[in-house]
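**Q** Next comes the sequence, and after it the predicted model I'd like to discuss.
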Protein chains: 2
Amino acid sequence: MTAPQATPCKRVRNPQLHREAILDAALRTFAERGFEYATVREIAERAGVAHSSVLRHFGSKEQLFRMAVPGPWDVAEVAPGEPCMLPERIAAAYVGRMETLAGNDPYLALLRSAATDDCAATQIYLAMQDKSLEIYRSVSGGDAIHNQLPFLASLLIGVTFSRYVVRAGLLAEMTADQFAEHLGGSIRGVLFGTQAVQP
Amino acid sequence: MTAPQATPCKRVRNPQLHREAILDAALRTFAERGFEYATVREIAERAGVAHSSVLRHFGSKEQLFRMAVPGPWDVAEVAPGEPCMLPERIAAAYVGRMETLAGNDPYLALLRSAATDDCAATQIYLAMQDKSLEIYRSVSGGDAIHNQLPFLASLLIGVTFSRYVVRAGLLAEMTADQFAEHLGGSIRGVLFGTQAVQP
DNA sequence: CTCTTTAATGACCAACCGGTCATTAGCAGT
DNA sequence: ACTGCTAATGACCGGTTGGTCATTAAAGAG
């Protein structure tokens, strides 16, 4: 019975630290569970604060979502280079990012949340898509490719869904290198291989 | 005050009819809202029964989901034909199905629900994906294509997400015909256009 | 008509949600 | 050491959810 609880209810008073901890926990939780399944209480627990503190800092769950999940994406750090290798560079940038951030990527939080039609998530998601399309557009040279860019975005969405959200099936079983290689081929097909059969 | 309520609480007693009405309402609701946001009470209201009747008929919300949402997919009614036009036939079959069923497609129910990590939805979703991959495999001729089939599936997932779930952006603004045409090109690229640049 | 069967119902429940608020306690200024 | 400010807290609230159960009333059998 002699419970030596050294810190029964030791309060720490550090707004900025807590704020950052909450934002970090929120991003991870939203990415794992999506907006609806993520609860303020779980975010608070992960951040090591009371759930009321979370609401106090950010007002509401939705405002927290907006603050925690970065909006316009900074993904497309596609290395510059010769246009003919563009698909492989896009694939490398995408796979590199997703593999390093693992399940904590805000992209996953947006994807999961947008699927359940949460309007905030959908709006942010759209903004992100426009932004990344713009970036891809500036990187890719030809005008003819531009029409295919939405399909490139869709391919990346679907691939993300299979490999990182559902986490099962053939794409999920590949190693990162295998995945990047095949993905590069598919991206190449979407961007350049749109010619019909020639007689 | 003379309320002439002819049917104050007229009960109808027809198990099979109610069962079908519930299944139909469930499919629509799951497709619109996803597993989590869909409530048993709303399904019951749409079916015109009490919410307890829904639980009585199907035991639980999850069992209802399994019964209402068709598992292995019957999608790929890809018309047979010469292999060189396969992409266009796949695009036509896909767009035709999605446009006619509008928002009631079980595919949407699965996609929305799987995104929120619901395990039942994920399992059904995987089964569906395997099934459709198998169908595509039987339709497509060459062996070299098989490696690209998961990416075809992913492309369709992403495209579905953009046009029918988020319902915004460039893909959503296209007419069905425009969409089918561009999609055919992208499918062609994924399936056949994987060759690297030739010297 | 009467009785039995059972589909259908509405009241009810515990659990959990996001959000509010009075209270408590750490820290800076004096 | 005292005190005011306010970050942090836990108790609490109304609402909603999936699920249970005793009660009710249609439909078939005699």
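**A** Arrived safely.
**Q** What is the burial count for A:Ala153?
**A** A total of 24 residues lie near A:Ala153 under the criterion other C-beta atoms under 10 Å in any protein chain shown. C-beta here means a position set from N, CA and C on the backbone, and glycine is covered the same way.
**Q** Three-state assignment for it, please.
**A** The three-state assignment at A:Ala153 reads helix, by DSSP: H, G, I helix; E, B strand; the rest coil.
**Q** So it is in contact with A:Gln129, correct?
**A** Yes: using C-beta atoms under 8 Å, A:Ala153 is in contact with A:Gln129, at 5.7 Å.
**Q** now check whichever strand or helix holds A:Ala114, is it near DNA strand C?
**A** For A:Ala114, the host element (DSSP states H and E) is helix A:106-115. No: if you take C-beta under 7 Å from any atom of the strand as the test, helix A:106-115 misses DNA strand C, and the best it gets is 12.1 Å.
**Q** Centre of the chain to that helix, how far?
**A** Here helix A:106-115 is found 7 Å from its chain centre; the criterion is C-alpha atoms, centre = their mean, to the nearest Å.
**Q** The next helix or strand after that helix vs chain B: in contact?
**A** Sequence-wise, the next helix or strand downstream of helix A:106-115 (DSSP H and E) is helix A:119-139. Yes: judged by C-beta under 8 Å from any C-beta of the partner chain, helix A:119-139 and chain B are in contact via A:Thr122, A:Tyr125, A:Leu126, A:Gln129, A:Asp130, A:Leu133.
**Q** Can I get these in CSV including distance to DNA strand D, pLDDT and neighbour count?
**A** Formatted as CSV, those follow (distance: C-beta to the nearest atom of the strand, whole Å; pLDDT from 0 to 100; neighbours: other C-beta atoms under 10 Å in any protein chain shown):
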residue, distance to DNA strand D, pLDDT, neighbour count
A:Thr122, 20, 84, 19
A:Tyr125, 24, 80, 27
A:Leu126, 26, 83, 18
A:Gln129, 30, 81, 25
A:Asp130, 33, 81, 16
A:Leu133, 36, 80, 18
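**Q** I figured A:Ala47 hits A:Ala21, correct?
**A** Yes: between A:Ala47 and A:Ala21 there is a contact at 4.1 Å, judged by C-beta under 8 Å.
**Q** the more surrounded of these two?
**A** With neighbours defined as other C-beta under 10 Å, A:Ala47 and A:Ala21 compare such that A:Ala47 has more, 24 against 17.
**Q** For B:Gly169, see how far away that one is.
**A** 34 Å (C-beta to C-beta, to the nearest Å).
**Q** now swap in A:Val166 and tell me
**A** On the measure of C-beta to C-beta, A:Val166 and B:Gly169 end up 22 Å apart.
**Q** Going by how many neighbours each has, rank those two and give me the top one.
**A** Taking neighbours as other C-beta under 10 Å, A:Val166 and B:Gly169 compare with A:Val166 leading, 22 against 18.
**Q** Could you verify my assumption that that one touches B:Leu111?
**A** No: in this structure A:Val166 lies outside contact range of B:Leu111 using C-beta under 8 Å: 10.0 Å.
**Q** any shared contact partners between those two?
**A** When contacts are counted by C-beta atoms under 8 Å, 6 or more residues apart in numbering or on different chains, A:Val166 and B:Leu111 are jointly contacted by B:Tyr125.
**Q** Neighbours of A:Leu149, how many?
**A** Here the count is done by other C-beta under 10 Å, and A:Leu149 has 18 residues near it.
**Q** is it true that it touches A:Ser138?
**A** No: A:Leu149 lies out of contact with A:Ser138 (C-beta under 8 Å); the separation is 11.0 Å.
**Q** Most proximal residue of chain A with respect to chain B?
**A** Closest to chain B within chain A is A:Gly193: 1.6 Å, counting by C-beta to the nearest C-beta.
**Q** so how far is A:Glu32 from the residue positioned nearest the centre of chain A?
**A** Closest to where the C-alpha atoms of chain A average out (C-alpha atoms, centre = their mean) is A:Tyr107, at 1.3 Å. For A:Tyr107, the distance to A:Glu32 equals 13 Å [C-beta to C-beta].
**Q** Could you list the low-pLDDT ranges of chain A?
**A** A:1-9, A:71-76, A:140-144, A:194-199 (pLDDT under 70).
**Q** if you set the cut-off to 50 instead, what comes out?
**A** Along chain A, segments meeting pLDDT under 50 span A:1-7, A:196-199.
**Q** how close does the residue of chain A closest to chain B sit to B:Pro150?
**A** In terms of C-beta to C-beta, A:Gly193 sits 17 Å off from B:Pro150.
**Q** what does stretch A:93-102 contact?
**A** For stretch A:93-102, contacts defined as C-beta under 8 Å, 6+ apart pick out A:75-79, A:105, A:107, A:156, A:160, A:163-164, A:176, A:179-180, A:183.
**Q** Narrow the residues you listed to those that are buried.
**A** Taking 16 or more other C-beta atoms under 10 Å in any protein chain shown as the criterion, what is buried in those is A:Val75, A:Ala76, A:Val78, A:Asp105, A:Tyr107, A:Leu156, A:Thr160, A:Arg163, A:Tyr164, A:Phe179, A:Ala180, A:Leu183.
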